[in-house]
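In: below are the sequence and a predicted model; questions follow.
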Amino acid sequence: MSTSAGDAEPPSRAREGGTAEWEWPEPSVLLIEDDPGDALLVEELVADSALKMRLQWVRSMAEAADVLAAGVPDCVLLDLHLPDAQGLEAVSRVKAYADQVAIVVLTGLAEELTGLAAVAGGAQDYLVKGRVEPELFGRAVRYAIQRKQAEQSAAALQASRMQAQENARLERGLLPRPLLHRDDVDVVARYLPGRAQALLGGDFYDIVQTADGTVHAVVGDVSGHGPDEAALGVALRIAWRTLVLCGVTGPEQIGRLEEILLAERAREEVFATLVSLSAVPGQGRARMVRAGHHGLLLRTDHGVEWVEPPGGPALGVVPGGASWPMTEVEVPSGAGVVLFTDGLFEGHIGRGTERLGEAGLLALAQEEAALAPEPFADRLIERVGGLAESQGGLADDVALVHLCWN
């Protein structure tokens, strides 16, 4: 199979006797021409050109379609007067068969305007039959391939920029500013995109303090990665904040969030886990509802322990038939509660398949128990990421919220 225009090898530089010369890989060229005489002229140009190339000749667009389906050449030399394609239609059909191939249009003496129109319609260049020298011919083919590569690189860069901008907008929606009215609670929130932001996930968190002083927090994770999951995470976070501000908490709140997930998810297999917490500073306890989510870390004067109160299934797993109990957890004065997503403990350890796991995460947290909330959160994430560094870092997003009541 020939090398495609998008994957063509760059020229290599050779030195002989101290002189630098550029060596171009031999391109593959498909000639679509129904006139045997004109095809012979092209073959002679190829033979006399300094740029060596592999030429294949077909007589119709139908034959060209079969060849392009088998493998995309680096360049197509296209006659605009074929038995089954005329004028700019021929350019459009080649682009439809193989949009990544460079196209050089072959025109007659009186068709220069048609050649310009073909370039405007997507061809990279045009040549007038009978007025082309071998050197010009080779240069036109080479430049056409380079222009196509440049176009593809520019298009890929633009698409990458647009995706990055969209990801940034989605991540801003996933990462809100805590809505706090008093200084009786300290909040540390962290979000770490997985593996150099290659995967945009649906991890989310939020913290809201209502007028009565109650602090509400949520950490959740939509299954899967990509813009659909991230958008669903944003929808759930905003819905959670709205429900909290409207006074809807506990199991009723979780049920409403499941209704939103069922209405907004792109596929039936998508689900979400979360843990929602509410606590009044000074009362020494927190009310929690877990929906398919793992446990949390409780930091006290005695160290760090793993707490996993009773819970119900993830949102969307048992549509309309699930229940989520509310559980009270003792939170002594000065203690800290750490909520997080599973990306924090599902990372690999070293180069094998072993993962850190809940026990491994707890052990790391216990080693850093003496740290203040902010360095504790940063150090925990840093150590988890370091363990997975040999496999490119954490593959999944990590959201973490550390709450400490004064």
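Out: Happy to help now that I have it. Numbers count the residues shown, from 1 in each chain.
In: next SSE downstream of the top strand by length along the chain?
Out: The residue-count maximum for a strand in the chain (DSSP state E) belongs to strand 215-225. Using DSSP states H and E, the helix or strand that follows strand 215-225 in sequence is helix 227-245.
In: pLDDT on that following helix, on average?
Out: On average, the pLDDT along helix 227-245 is 91.
In: packing partners of the helix or strand that that helix is followed by?
Out: Next helix or strand after helix 227-245 toward the C-terminus (DSSP H and E): helix 250-264. Packing contacts for helix 250-264, counted by 3 or more CB pairs under 8 Å, 6 or more residues apart in numbering; DSSP states H and E, involve helix 227-245, strand 272-279, strand 285-291. All C-beta spots, glycine's among them, are computed from the backbone N, C-alpha and C.
In: just the ones you listed: most buried one?
Out: strand 272-279 (a mean of 25; mean count of other CB atoms under 10 Å).
In: show me which helix runs longest in this structure.
Out: Longest helix in the chain, counting residues (DSSP state H): helix 134-174.
In: and the angle from that helix to helix 227-245?
Out: 20 degrees (axes from the mean of the first three to the mean of the last three CA atoms, to 10 degrees).
In: show me where pLDDT drops low in this structure?
Out: Residues of the chain that meet the criterion pLDDT under 70 lie in 1-24, 109-110, 163-174, 194-200.
In: how about the strands in the stretch 51-200 of the chain?
Out: 54-58, 75-79, 81-82, 85-86, 102-107, 125-128, 185-192 (DSSP state E, counting those that start in this stretch).
In: in JSON lines: those strands, plus mean neighbour count and distance to V318.
Out: Compiled in JSON lines, the strands of the stretch 51-200 of the chain are given as follows (neighbours: other CB atoms under 10 Å; distance: least, CB to CB, whole Å):
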{"stretch": "strand 54-58", "mean neighbour count": "16", "distance to V318": "59"}
{"stretch": "strand 75-79", "mean neighbour count": "26", "distance to V318": "56"}
{"stretch": "strand 81-82", "mean neighbour count": "20", "distance to V318": "61"}
{"stretch": "strand 85-86", "mean neighbour count": "16", "distance to V318": "57"}
{"stretch": "strand 102-107", "mean neighbour count": "26", "distance to V318": "55"}
{"stretch": "strand 125-128", "mean neighbour count": "19", "distance to V318": "62"}
{"stretch": "strand 185-192", "mean neighbour count": "18", "distance to V318": "29"}
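In: want to try TSV for the helices and strands packed on helix 250-264, with distance to P373 as columns?
Out: Formatted as TSV, those follow (distance: least, CB to CB, whole Å):
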stretch	distance to P373
helix 227-245	22
strand 272-279	16
strand 285-291	16
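In: re the thing from before, got the strands of the stretch 51-200 of the chain as CSV, with distance to L30 columns?
Out: Formatted as CSV, the strands of the stretch 51-200 of the chain follow (distance: least, CB to CB, whole Å):
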stretch, distance to L30
strand 54-58, 5
strand 75-79, 5
strand 81-82, 13
strand 85-86, 14
strand 102-107, 10
strand 125-128, 15
strand 185-192, 49
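In: go through those strands and name the closest to E258.
Out: When the strands of the stretch 51-200 of the chain are compared by CB to CB, strand 185-192 sits nearest E258, at 23.7 Å.
In: need the residues that contact that closest one.
Out: Residues outside strand 185-192 that contact it (CB atoms under 8 Å, 6 or more residues apart in numbering) are 171, 174-175, 178, 180, 203, 205, 207, 209, 215, 281, 343, 373-374, 376-378, 381, 385, 394, 397-406.
In: and what of stretch 77-93?
Out: By CB under 8 Å, 6+ apart, stretch 77-93 touches 29-35, 38, 42, 59-62, 65, 94, 103-107, 111, 114, 117-118, 121-123, 127, 141.
In: repeat that for stretch 115-123.
Out: Under the contact criterion CB under 8 Å, 6+ apart, stretch 115-123 has outside partners 78, 80, 88, 91-92, 95, 103-105, 107, 125-128.
In: hey, C-alpha coordinates of it in CSV?
Out: In CSV, the C-alpha atoms belonging to stretch 115-123 read as follows (Å, rounded to 0.1, in the frame of the first residue of the first chain):
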residue,chain,number,x,y,z
GLY,A,115,-8.2,25.0,-13.2
LEU,A,116,-8.4,28.0,-10.8
ALA,A,117,-12.0,27.1,-9.9
ALA,A,118,-10.8,23.5,-9.2
VAL,A,119,-8.2,24.9,-6.8
ALA,A,120,-10.8,27.0,-5.1
GLY,A,121,-12.9,23.8,-4.9
GLY,A,122,-10.3,21.8,-3.0
ALA,A,123,-7.5,20.9,-5.4
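In: from the contact counts, what lies against the longest strand of the chain?
Out: strand 201-209, helix 227-245, strand 272-279, strand 336-340, strand 398-405.
In: the longest helix of the chain to strand 102-107, inter-axis angle?
Out: 140 degrees.
In: helices and strands around helix 134-174, which ones?
Out: helix 36-48, strand 75-79, strand 102-107, strand 125-128, strand 201-209, helix 227-245.
In: got the CA coordinates for the fifth one in CSV?
Out: C-alpha atoms of strand 201-209 as CSV (Å, rounded to 0.1, in the frame of the first residue of the first chain):
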residue,chain,number,x,y,z
GLY,A,201,-14.2,12.7,32.6
GLY,A,202,-17.3,13.5,34.5
ASP,A,203,-15.8,13.9,38.0
PHE,A,204,-17.4,16.8,39.9
TYR,A,205,-17.6,18.4,43.3
ASP,A,206,-19.4,21.3,45.0
ILE,A,207,-19.6,23.0,48.4
VAL,A,208,-22.5,25.2,49.5
GLN,A,209,-23.3,26.8,52.9
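In: chain center to it, what's the gap?
Out: Its chain's average C-alpha position is 20 Å from that of strand 201-209, according to CA atoms, centre = their mean, to the nearest Å.
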